[in-house]
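A.B. asks: coords below, sequence missing:
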């Protein structure tokens, strides 16, 4: 754990787990569920800062449609990802 240089973000091992969860999710759904949100926010502001703020917010990371798909197709993976993608 530490602090990124000139950045108010406090790094933690949970971030690695979260990143692995996003990668696993992409492998299951065969797409990047965060890509559309990134493009939308980057297009509105011209920078990635708004996307990074959204990632750090308490707003749900995934839509209910994604969770429903996972529950139907991959219930074990849905349970695993629910724990991995929890925001602190």
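C.D. replies: Happy to help now that I have it. Since we're looking at a predicted model, the values are computed, not measured. Numbers count the residues shown, from 1 in each chain.

A.B. asks: max-length helix in this structure?
C.D. replies: If you go by DSSP state H, the chain has its longest helix at helix 13-29.

A.B. asks: touching whatever helix or strand comes next after that one from outside, list them.
C.D. replies: Next along the chain after helix 13-29, taking DSSP states H and E as the criterion, comes helix 35-45. Helix 35-45 has contacts (CB atoms under 8 Å, 6 or more residues apart in numbering) with 48, 50-51, 54. The way it works is simple: take the backbone N, C-alpha and C, and place the C-beta from them, glycine included.

A.B. asks: which among the residues you listed end up buried?
C.D. replies: For those, a neighbour count by 16 or more other CB atoms under 10 Å gives the buried set as 50-51.

A.B. asks: give me the low-pLDDT residue ranges for the protein?
C.D. replies: Filtered on pLDDT under 70, the chain yields the residue ranges 1-7, 9, 88.

A.B. asks: and the longest helix of the chain, what does it pack against?
C.D. replies: helix 64-73, helix 75-84 (3 or more CB pairs under 8 Å, 6 or more residues apart in numbering; DSSP states H and E).

A.B. asks: can we see that at 6 Å?
C.D. replies: helix 75-84 (3 or more CB pairs under 6 Å, 6 or more residues apart in numbering; DSSP states H and E).

A.B. asks: packing partners for the helix it packs on?
C.D. replies: helix 13-29.

A.B. asks: quick one: buried residues of the helix it packs on?
C.D. replies: 18, 21-22, 25, 28-29.

A.B. asks: show residues contacting that helix.
C.D. replies: For helix 13-29, the external contacting residues (CB atoms under 6 Å, 6 or more residues apart in numbering) are 32, 74, 77, 81, 84-85, 88.

A.B. asks: what do you get for stretch 56-71?
C.D. replies: Contacts of stretch 56-71 (CB under 6 Å, 6+ apart): 33, 78, 85.

A.B. asks: what number of residues lie near the second one?
C.D. replies: Residue 78 is flanked by 18 other residues according to other CB atoms under 10 Å.

A.B. asks: gap between the residue lying closest to it once chain neighbours are set aside and residue 50?
C.D. replies: Spatial nearest neighbour of residue 78, excluding adjacent residues (CB to CB, 6 or more residues apart in numbering): residue 70 at 3.7 Å. As judged by CB to CB, to the nearest Å, residue 70 and residue 50 stand 27 Å apart.
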